[in-house]
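S.K.: Below are the sequence and a predicted model; questions follow.
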Amino acid sequence: MRVLYFAWLREKIGLGGEDVLLPPEVETVGALIAWLRGRGPGYAAAFADQKLVRCAVDQDFAGPEAAIAGAEEIAFFPPVTGG
Amino acid sequence: MKTRILVEEADFDSGAEIAWLNGPGVGGIGSFIGTVRDTGGLAALWLEHYPGMTERAVAKIVAQAAGRWPLLACTVIHRVGRLAPEQNIVFVGAASAHREAALRATAFLIDWLKTSAPFWKREEFLSGSSEWVAAREADEAAAKEWL
């Protein structure tokens, strides 16, 4: 599964994206965040305040309860500020 | 309805974009242009986006507008990369037989673009520092007004 990071999440984690192999118990966006937080201090900093983190599963906005089984691409980013 | 959706570094020609929206049956064209606002000490605004999802999210917003108003043409152009103060950021336009649909669709498009398309702004200051722009609650409230 491909995980992408944008804006300050990318800066804190130090990566634009990575391929991850998830343990089977990681079934939702929320569980994925918890799992990613354990990967290092950059991740912990990026996901420290989850109110400031948005997610897309296969390029559609998704909440923390969304299932990720079978997803190809999951992205994490701050609230959007375009326009 | 004809549509034109572009996400690109290049600038746009607002006059040419408005002309493109015109056509048979059109009686009113609404347009909005967002520009880089310099509130003091701004060197540039950086626009980052999520390639792939951006185009998909904008297409969804355009489809919603088309479902709500009888539009004949619709354009969304959003620039990315480094933009200097006073440069164009975004062009939104809608054409319809009458003004109300064109104006309301234009307002809807920009309100939703601000809250539902994956773009992020970072301000780069003349001092050398830079800062990600925080989302505004007022933008969220403006988008929700349309629900």
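M.R.: Perfect, thanks for sending it.

S.K.: And what about the residue of chain A at minimum distance from chain B, helix, strand or coil?
M.R.: Across chain A, the shortest distance to chain B (Cβ to the nearest Cβ) belongs to A:Gly82, at 2.6 Å. Every residue, glycine included, has its C-beta placed from N, CA and C. Of the three states, A:Gly82 takes coil according to DSSP: H, G, I helix; E, B strand; the rest coil.

S.K.: Return the residues in contact with A:Tyr60.
M.R.: Careful, residue A:60 is Asp and not Tyr. B:53, B:56 (Cβ atoms under 8 Å, 6 or more residues apart in numbering or on different chains).

S.K.: Ends of stretch B:13-27, what's the gap?
M.R.: 21 Å (Cα to Cα, to the nearest Å).

S.K.: what's next to that stretch, contact-wise?
M.R.: Residues contacting stretch B:13-27 (Cβ under 8 Å, 6+ apart): B:2, B:4, B:29, B:31, B:33, B:72-75, B:77, B:88, B:91, B:93-99.

S.K.: again with stretch A:4-14
M.R.: A:15-17, A:42-43, A:45-47, A:53, A:73-78, B:48, B:50, B:118, B:120, B:122, B:132.

S.K.: Buried ones among those?
M.R.: Buried by 16 or more other Cβ atoms under 10 Å in any protein chain shown: A:43, A:46-47, A:53, A:73-78, B:48, B:50, B:118, B:120, B:122, B:132, out of these.

S.K.: all helices for chain A, in order.
M.R.: In chain A, the helices defined using DSSP state H lie at A:7-13, A:29-37, A:41-46.

S.K.: Show me how far the shortest one is from its chain's centre.
M.R.: Average the C-alpha atoms of helix A:41-46, do the same for its chain, and the two points are 11 Å apart (Cα atoms, centre = their mean, to the nearest Å).

S.K.: And for stretch A:50-68?
M.R.: Using Cα atoms, centre = their mean, the offset of stretch A:50-68 from its chain centre is 7 Å.

S.K.: Need the residue closest to the centroid of chain B.
M.R.: For chain B, the residue lying nearest the average C-alpha position, counting by Cα atoms, centre = their mean, turns out to be B:Val90 (4.2 Å).

S.K.: who's in contact with that one?
M.R.: A:82-83, B:32-34, B:76-79, B:110, B:113.

S.K.: Whichever of those residues end up buried, select them in ChimeraX.
M.R.: Restricted to buried positions by 16+ other Cβ under 10 Å, the ChimeraX selection for the contacts of B:Val90 reads:
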select /A:82,83 /B:32,33,34,76,77,78,79,110,113
